[in-house]
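J.: Sequence and predicted structure below; questions after.
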Amino acid sequence: MDQNTLLKLLMTHVQDVVLVISMKGDILALNASAECLYGWKAQRVVKKNYFKLCENQEITPFILKKTLPKLSDSLSCVYETSIIDQTQLERIISWKINKIIDQKQKTAYVVAVGQDITALKKIENKQKDTANYLRCIMEYIPGYVFWKDQNLKILGCNANFAKVANETVDSIIGKSDYGLPWTKVQADQYRTDDLDVMLTSCPKLNIEETMRYADGSQAALLTHKMPLKNTEGKVIGVIGIFSDITDRKKAENELREAKEQLEIANQAKSQFIANMEHDIRTPASGIASLTALLASTETEPTKKENLELLANSAEQLLTVLTEILEFHSIEDGQAPLLEKRFSLRRIIQNVVNLEVPIAKMKDLKLETKIAANIPEFLIGDDFRTYRILLNLIGNSVKFTKKGKVTINVNLTENKKKTFTIKTLIADTGIGIPKDKQNEVFEKFSRLSPSSENHYTGSGLGLRVVKQFINEMGGEIYVESELGKGTTFTCLIPYKKCLANESLEESVSINQTTLKIPQLPKTRVLLVEDDQIAKLVEQDILKEKFGCLLDIASNGNAAIRISKNKKYDLIFMDLGLPDMDGKKLTIYLRAQGCKTPIIALTAHGLGKKEECIAAGMSDFLIKPISVEKVTNIVKKWLPRHIVKAKTKKKAINLNFAMRLHKNKELVNVLLKKLLNKFSVVKKDLKNIEKNKDFKKIYAILHNLKGACSYC
């Protein structure tokens with residue numbers, strides 16, 4: 001096969017574009033691929049000028065005409081051109097151009113071989129676009145990004161990372177952490193984390209570490225590291241991203257310090273409130289107790305009325321103080337939820353009894369309607385229940401000038417283990433404006449200034465009520481019309497009480513009615529520093545219960561006295577001048593004292609657990625009363641009770657008035673009866689000497705007849 005035949009075969013079958021032109025630009029030969037690209041036919045364009053044809057068809061030539069003479073005899077040239085083919089599609093052609101010299105003909109010509117790289121260029125451009133997108137994403141990521149190979153050499157990073165390393169995104173490539181301005185300790189740690197990620201193929205997230213920047217400053221970092229994998233899922237390196245959390249850590253430290261300072265301040269506030277609890281409530285409680293004591297013994301009507309008014313004012317002051325102190329304890333979480341067996345009827349009756357005197361003074365009707373299906377005993381928080389009812393009923397009486405206050409109690413839900421009790425407290429009082437009804441449960445909220453005197457109080461009562469009800473899992477609603485009255489509706493769940501437990505409690509309550517246990521041989525130690533409280537407590541324990549009473553005014557005195565005597569019961573104030581009652585109890589228990597110790601506190605909210613933890617047996621909230629002490633005695637000293645005396649009036653004036661309906665006649669009869677007592681007393685002394693029992697019987701029978709009219 002000759003050379004020309006071989007050349008023709010190559011020109012026909014090669015896929016690339018082949019063009020042969022003279023040094024003047026005349027076309028000497030072209031293959032089928034060239035014909036297809038340019039839309040030419042070989043027989044028509046051979047010997048025609050290539051450059052003129054391109055110019056006429058606005059086709060970019062594979063080489064500029066002026067460059068043709070400058071082609072090297074030995075080196076190939078590579079160009080890329082864009083051509084619109086005969087189908088009007090853009091084609092990208094990569095040309096390899098060689099200058100060929102024919103020694104025989106002593107002429108030169110140019111052979112251009114073009115490869116269609118349109119598809120390849122599209123892929124390259126897409127990759128470039130993707131790379132640009134990634135580069136932009138990296139640059140705009142607010143953190144610091146890097147990726148490394150298996151040898152932990154940096155493959156790339158964003159500008160933020162390069163900057164802190166005092167490098168550029170290009171100069172940093174190929175460096176390890178040991179070639180960057182980190183300390184060796186830091187570089188070792190980074191390497192350990194990187195290797196761990198690659199070996200386990202698991203990411204390490206939320207790593208808190210430090211880094212020294214190129215400028216020497218230290219930064220706190222939050223780093224995430226993930227394995228870098230190829231398309232086959234093989235780990236080929238590690239990728240990391242971290243953010244500078246120096247400011248955040250600084251803020252956290254400042255917040256922690258502020259919180260510590262706040263806790264210190266809160267402790268100081270709590271200590272202040274605790275001091276005020278004792279220093280304010282104790283004298284207020286003493287005034288209320290002592291005034292009530294004086295009122296109970298006063299016979300002159302005007303003085304008695306004044307003392308009762310004074311006692312009532314002291315109780316109101318004590319109520320306001322209690323609300324403020326209770327609210328502080330509630331906010332501090334010092335009031336744990338209780339689960340005790342109690343009588344709801346009894347609590348309601350106790351609250352109503354407290355409000356009866358005020359209701360009578362205002363000529364208000366106070367009605368209580370308790371449904372027959374309300375259980376006698378429930379299990380729940382009796383303290384919160386009492387405070388809820390006391391606040392709501394007290395408010396209704398306070399803000400009602402005329403009309404009535406009604407308490408309706410019904411059972412709305414009876415489940416297997418719980419009851420839901422619905423209590424409505426309705427009044428015909430001044431009412432609450434509609435736009436203010438949502439405010440009544442806010443703390444320190446009063447609907448009028450104190451100077452206007454329409455709505456009085458601390459503004460905490462209803463806030464405490466709502467919080468207590470929420471804690472008990474209940475609900476409270478208010479409906480009111482200005483000038484017509486207000487209705488509060490409470491829905492509170494309680495646990496059911498077993499029948500035998502109810503029976504035992506019922507017997508216990510019935511047995512305590514109107515009876516004061518007598519403790520003539522019972523030794524009692526009272527540890528109390530407040531003079532007024534001491535006077536009231538001494539009257540109750542010594543005069544009413546008949547105890548053998550010793551009194552200590554401080555902790556050291558109590559320790560000294562208790563060393564020499566054994567006591568059956570100790571009543572101890574918590575706020576003593578030299579040591580608090582809890583510390584004193586701990587000391588006494590350590591010395592082997594097993595005597596029941598009853599805490600006396602002016603404010604009991606949240607204190608019971610503290611007292612029990614200190615070794616105390618029980619606690620009473622001041623002011624103490626005969627009823628409170630009776631319950632303590634029956635609980636802790638049942639064997640010491642010798643005899644119970646029943647409070648009973650010798651003369652029933654109400655009976656005499658109903659009988660005679662004449663006050664003057666009753667007074668005359670009483671005077672005559674007193675004179676008769678004096679005569680009978682003398683006669684009985686004389687007759688006793690003679691043992692004349694018949695005459696004694698006759699005198700007493702006559703006296704009985706006279707007494708029956710009084």
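T.: Ah, there it is. These numbers were taken from a predicted model, which means no experiment stands behind them.
J.: Is the residue of the chain positioned farthest from its centre in a helix, a strand, or coil?
T.: Within the chain, the residue lying farthest from the chain centre (Cα atoms, centre = their mean) is Lys104, at 102.8 Å. Secondary structure state of Lys104, per DSSP: H, G, I helix; E, B strand; the rest coil, is coil.
J.: and what of the one 4 residues further on?
T.: The three-state label for Ala108, taken from three-state DSSP, comes out as strand.
J.: residues near the closest residue to it other than its chain neighbours, how many?
T.: Computed as Cβ to Cβ, 6 or more residues apart in numbering, the closest residue to Ala108 that is not its neighbour in sequence is Ile101, at 4.8 Å. Where C-beta positions appear, they are placed from N, C-alpha and C, glycine not excepted. Residues lying near Ile101 (other Cβ atoms under 10 Å) number 10.
J.: Run through the residues that contact Ile101.
T.: Asp73, Thr107, Ala108 (Cβ atoms under 8 Å, 6 or more residues apart in numbering).
J.: From Pro517, how far off is the last one?
T.: In this case it means Ala108. Counting by Cβ to Cβ, to the nearest Å, the separation of Ala108 from Pro517 is 139 Å.
J.: can you check Tyr50 too?
T.: Tyr50 is 133 Å from Pro517, by Cβ to Cβ.
J.: These two - which one has more neighbours?
T.: Tyr50 (27 against 22).
J.: wait, that one sits on Pro61?
T.: Yes. Between Tyr50 and Pro61 there is a contact at 6.6 Å, judged by Cβ atoms under 8 Å.
J.: you'd agree Asp26 is up against Asn49?
T.: Yes. Under the criterion of Cβ under 8 Å, Asp26 makes contact with Asn49 at 5.7 Å.
J.: what about the helices in the stretch 351-500 of the chain?
T.: Secondary structure of the stretch 351-500 of the chain by DSSP state H, counting those that start in this stretch: the helices cover 382-398, 461-471, 499-511.
J.: now for the helix or strand hosting Lys534, which elements pack on it?
T.: Using DSSP states H and E, Lys534 sits in helix 531-538. For helix 531-538, the elements it packs on are helix 246-297, strand 523-527, strand 548-552, judged by 3 or more Cβ pairs under 8 Å, 6 or more residues apart in numbering; DSSP states H and E.
J.: the bottom helix or strand of this protein by mean pLDDT?
T.: helix 499-511 (a mean of 41; mean pLDDT, DSSP states H and E).
J.: Note down every partner strand of the next helix or strand along the chain from that helix and its orientation.
T.: Downstream of helix 499-511, the next assigned helix or strand under DSSP H and E is strand 515-518. The strands beside strand 515-518 in its sheet (DSSP bridges) come out as strand 643-646 (antiparallel).
J.: average pLDDT for the strand it pairs with?
T.: Per-region confidence: strand 643-646 scores 51 on mean pLDDT.
J.: re earlier: report the secondary structure state of the residue nearest to Ala108.
T.: strand.
J.: same thing with Lys566?
T.: Lys566 ends up coil, using three-state DSSP.
J.: And the pLDDT at it?
T.: As predicted, Lys566 sits at a pLDDT of 91.
J.: if we look at the sheet, which residues does the closest residue to it other than its chain neighbours bridge to?
T.: Using Cβ to Cβ, 6+ apart and skipping the chain neighbours, the partner closest in space to Lys566 is Arg523 (7.0 Å). Legend: beta-bridge partners of Arg523 under DSSP bridges are Leu548.
J.: Count the residues that sit near Arg523.
T.: Arg523: 17 surrounding residues under other Cβ under 10 Å.
J.: Glu305 too?
T.: Residues within reach of Glu305, counting by other Cβ under 10 Å, total 12.
J.: A helix includes it, no?
T.: Yes. Under three-state DSSP, Glu305 sits within a helix.
J.: And it, how far from Leu535?
T.: 23 Å.
J.: ok, now Glu167?
T.: Glu167 is 87 Å from Leu535, by Cβ to Cβ.
J.: When the two are compared, which one has more neighbours?
T.: Glu167 (19 against 14).
J.: thought the more buried one was touching Leu180?
T.: Yes. Using Cβ under 8 Å, Glu167 is in contact with Leu180, at 7.4 Å.
J.: what does the domain assignment say about the protein?
T.: 3-122, 141-244, 336-510, 511-646, 653-707 (automatic domain parsing).
J.: still on that earlier bit, quickly compare the helices and strands packed on helix 531-538 and say which is most buried.
T.: The highest mean neighbour count among the helices and strands packed on helix 531-538, using mean count of other Cβ atoms under 10 Å, belongs to strand 523-527: a mean of 24.
J.: what is the rounded mean pLDDT of that one?
T.: pLDDT averaged over strand 523-527 gives 95.
J.: Give me the helices and strands touching that strand, please.
T.: Checking 3+ Cβ pairs under 8 Å, 6+ apart, strand 523-527 ends up next to helix 531-538, strand 548-552, helix 555-564, strand 569-573.
J.: Name the surrounding residues that touch the third one.
T.: Right, helix 555-564. 525, 527, 550, 552, 570, 572, 576, 578-579, 581, 583-584, 587-588, 593.
J.: what angle separates it from strand 548-552?
T.: 140 degrees (axes from the mean of the first three to the mean of the last three Cα atoms, to 10 degrees).
J.: Next, the buried residues of helix 555-564.
T.: Neighbour counts over helix 555-564 (16 or more other Cβ atoms under 10 Å) mark Gly555, Ala557, Ala558, Ile559, Ser562 as buried.
J.: which residues in the stretch 301-450 of the chain form strands?
T.: 340-342, 365-370, 378-380, 404-414, 418-427 (DSSP state E, counting those that start in this stretch).
J.: Using JSON lines, lay out these together with mean pLDDT, mean neighbour count and distance to Tyr79.
T.: Output for the strands of the stretch 301-450 of the chain, formatted as JSON lines (pLDDT from 0 to 100; neighbours: other Cβ atoms under 10 Å; distance: least, Cβ to Cβ, whole Å):
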{"stretch": "strand 340-342", "mean pLDDT": "89", "mean neighbour count": "16", "distance to Tyr79": "99"}
{"stretch": "strand 365-370", "mean pLDDT": "93", "mean neighbour count": "14", "distance to Tyr79": "107"}
{"stretch": "strand 378-380", "mean pLDDT": "93", "mean neighbour count": "23", "distance to Tyr79": "95"}
{"stretch": "strand 404-414", "mean pLDDT": "94", "mean neighbour count": "16", "distance to Tyr79": "93"}
{"stretch": "strand 418-427", "mean pLDDT": "94", "mean neighbour count": "20", "distance to Tyr79": "92"}
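J.: Ile236: which of these is closest?
T.: Nearest to Ile236, of all the strands of the stretch 301-450 of the chain, is strand 418-427, at 64.0 Å by Cβ to Cβ.
J.: Give me the helices and strands touching the closest one, please.
T.: helix 382-398, strand 404-414, strand 485-496.
J.: can you tell me which of the ones you listed the model trusts least?
T.: helix 382-398 (a mean of 89).
J.: Also compute the angle for that one relative to strand 418-427, please.
T.: Using the same axes, to 10 degrees: helix 382-398 against strand 418-427 is 20 degrees.
J.: burial of Met361, as a residue count?
T.: With neighbours defined by other Cβ under 10 Å, the count for Met361 comes to 12.
J.: any idea how far it is from Glu308?
T.: 10 Å.
J.: quick one: common contacting residues for those two?
T.: Counting by Cβ under 8 Å, 6+ apart, nothing touches both Met361 and Glu308.
J.: Is Ile21 part of a helix or strand, or is it coil?
T.: Per three-state DSSP, the secondary structure class of Ile21 is strand.
J.: which residues does it contact?
T.: Contacts of Ile21 (Cβ under 8 Å, 6+ apart): Ile27, Leu28, Tyr50, Tyr109, Val110, Ala112.
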